[in-house]
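Peer 1: Okay, predicted coordinates and the sequence, questions at the end:
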Amino acid sequence: MEMLRGRFAPSPSGRMHLGNLFSALLAWLSVRAAGGTLVLRIEDLDPDRCRGEYADALMDDLRWLGLDWDEGDGVGGPQGPYRQSKRTEIYAAAFDALEHRGLVYPCYCTRAERLAASAPHRGDGEAVYAGKCRDLTPAQREERARTRRPAWRLMVPDREIAFTDGLQGAYVENLLRDCGDFIIRRSDGVYAYQLAVTVDDGAMGITQVVRGRDLLFSTPRQLYLYQLLGLTPPEFYHVPLLLAPDGRRLSKREHDLDMGALRARFSPEALLGWLAALAGLVDHPEPVGAGELAKAFSWEKVRKEDVFVPETLLKA
Ligand code: GLU
Ligand code: ZN
């Protein structure tokens, strides 16, 4: 049997909060329960949002909880570097390969222009790109390039991409209708998440991706990139989001739930007990070690629906 290779791929754009931890724990448990290998990849592509201190803090927070990794930042391994900011050449090669096949074109739309297109919106609230810049003539491109640096879009076919998520079940999307040509390189030159994550998971031999349910909508785009790049896709498990009392997903607004505050209030075992209860793995939030949870882990127990964070956890 093929060895399971999972990964945790956080963006160091702030201190981790309970929601990041929830995904990290499930990725870790799934790998450890199967005796697989866990890779830690730091997704610090966006230089405006990501900071080295946050990467250090998140590794320290994971270790504090007892969530270790076998390959990746901090421990090394054969598929490095494990920071996306150091992998630009790898993304450039993939981008060039797609461009040489005539699948990439420059998009000069402003944000206002993109939003003004009255196309319907997909599940994640992004506007569907109607292809405005696809058929610009070389002269029109030259004209627009005088005042604007383009983003680069991948042309998508009028085709359904279907897959079965390990937790959420069947999901299908027509790339052209539900998404449109999507950006694989931003106008500031930074390679986009969709391209980088696919290239990396492919290059690192990842066979299982566990991540938040908000990324379910990105998966068809990534599956299409797997096809184009000739890479084998992993299986996907999209786990529930943790919700604040107002029904919005947890974010850095909930300061009581960032790891700095949580570490001051809880022991690692107490926090793991809460996370396990929120995931549906145990009935009561009693202190428990990560290893103990791994012994009893099964995806069948994991809840599929988003979950409100109880008041007791929110209150400092
Ligand atoms: N870096 C992404 C994030 O922190 C996760 C990417 C993924 O798991 O595919 O939101
Ligand atoms: Zn455009």
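Peer 2: Everything's here; your move. Ligands and ions are numbered 1, 2, ... in the order given.
Peer 1: Tell me if I'm right that residue 240 and residue 308 touch.
Peer 2: No. Residue 240 lies out of contact with residue 308 (Cβ atoms under 8 Å); the separation is 10.4 Å. Bear in mind the C-beta positions are built from the backbone N, C-alpha and C, glycine included.
Peer 1: higher neighbour count, those two?
Peer 2: With neighbours defined as other Cβ atoms under 10 Å, residue 240 and residue 308 compare such that residue 240 has more, 23 against 13.
Peer 1: Against residue 262, how distant is the more buried one?
Peer 2: Residue 240 sits 19 Å away from residue 262, going by Cβ to Cβ, to the nearest Å.
Peer 1: Can you pull the phi and psi angles for residue 34?
Peer 2: In terms of degrees, to the nearest 10, the main-chain angles of residue 34 are phi -100, psi 0.
Peer 1: can you tell me which residues contact it?
Peer 2: Residue 34 sits next to residue 4 when contact means Cβ atoms under 8 Å, 6 or more residues apart in numbering.
Peer 1: Going forward, count from 40.
Peer 2: Sure, I'll start counting at 40 from here, so that last one is residue 73.
Peer 1: How much space separates the residue nearest to residue 104 when sequence neighbours are not counted from ligand 1?
Peer 2: Spatial nearest neighbour of residue 104, excluding adjacent residues (Cβ to Cβ, 6 or more residues apart in numbering): residue 307 at 4.9 Å. According to Cβ to the nearest ligand atom, to the nearest Å, residue 307 and ligand 1 sit 22 Å apart.
Peer 1: What is the burial count for residue 307?
Peer 2: 19.
Peer 1: Tell me the confidence at it?
Peer 2: Here, the pLDDT recorded for residue 307 equals 98.
Peer 1: Help me confirm that it comes into contact with residue 105.
Peer 2: Yes. Counting by Cβ under 8 Å, residue 105 is a contact partner of residue 307 at 5.9 Å.
Peer 1: Mutual contacts of the two, please.
Peer 2: With Cβ under 8 Å, 6+ apart as the test, residue 307 and residue 105 both reach residue 329.
Peer 1: wait, isn't residue 75 in contact with residue 66?
Peer 2: No. If you go by Cβ under 8 Å, residue 75 and residue 66 don't touch, sitting 10.5 Å apart.
Peer 1: Between the two, which contacts overlap?
Peer 2: residue 45.
Peer 1: And these two? Which one has more around it.
Peer 2: residue 66 (25 against 17).
Peer 1: can I assume residue 209 sits in a helix?
Peer 2: No. Read with DSSP: H, G, I helix; E, B strand; the rest coil, residue 209 is strand and lies in no helix.
Peer 1: contacting residues for the residue with the largest distance to the centre of the chain?
Peer 2: Here the centre of the chain is the reference, and by Cα atoms, centre = their mean the most remote residue is residue 178, at 37.8 Å. For residue 178, no residue meets the contact criterion (Cβ under 8 Å, 6+ apart).
Peer 1: What does the pLDDT read for it?
Peer 2: At residue 178, the model reports a pLDDT of 97.
Peer 1: Confirm that it sits in a helix.
Peer 2: Yes. Counting by three-state DSSP, residue 178 is located in a helix.
Peer 1: what residues does the protein put near ligand 1?
Peer 2: Remark: the part of the chain in contact with ligand 1 comprises 48-50, 82, 236, 250, 254, using Cβ under 6 Å from any ligand atom.
Peer 1: repeat that with 5 Å
Peer 2: When proximity is defined by Cβ under 5 Å from any ligand atom, the chain lies next to ligand 1 at 48-50, 82, 236, 250.
Peer 1: Now list the buried members of the residues you listed.
Peer 2: 48-50, 82, 236, 250 (16 or more other Cβ atoms under 10 Å).
Peer 1: Compile those into a markdown table and extend it with columns for distance to residue 294, pLDDT and secondary structure.
Peer 2: Converted to a markdown table, those look like this (distance: Cβ to Cβ, whole Å; pLDDT from 0 to 100; DSSP: H, G, I helix; E, B strand; the rest coil):
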| residue | distance to residue 294 | pLDDT | secondary structure |
| --- | --- | --- | --- |
| 48 | 24 | 98 | coil |
| 49 | 19 | 97 | coil |
| 50 | 19 | 97 | coil |
| 82 | 23 | 98 | coil |
| 236 | 28 | 98 | helix |
| 250 | 24 | 98 | strand |
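Peer 1: So residue 50 sits against residue 86, correct?
Peer 2: No. The pair residue 50 / residue 86 is not scored as a contact, 11.9 Å apart, by Cβ under 8 Å.
Peer 1: OK, contacts around the residue in the stretch 90-239 of the chain that ligand 1 sits nearest to?
Peer 2: As assessed by Cβ to the nearest ligand atom, ligand 1 sits closest to residue 236 within the stretch 90-239 of the chain, at 4.8 Å. Contact analysis of residue 236 by Cβ under 8 Å, 6+ apart lists 48, 82, 261.
Peer 1: check contacts around the second one.
Peer 2: By Cβ under 8 Å, 6+ apart, the contact set of residue 82 is 48-51, 89, 123, 232, 235-236.
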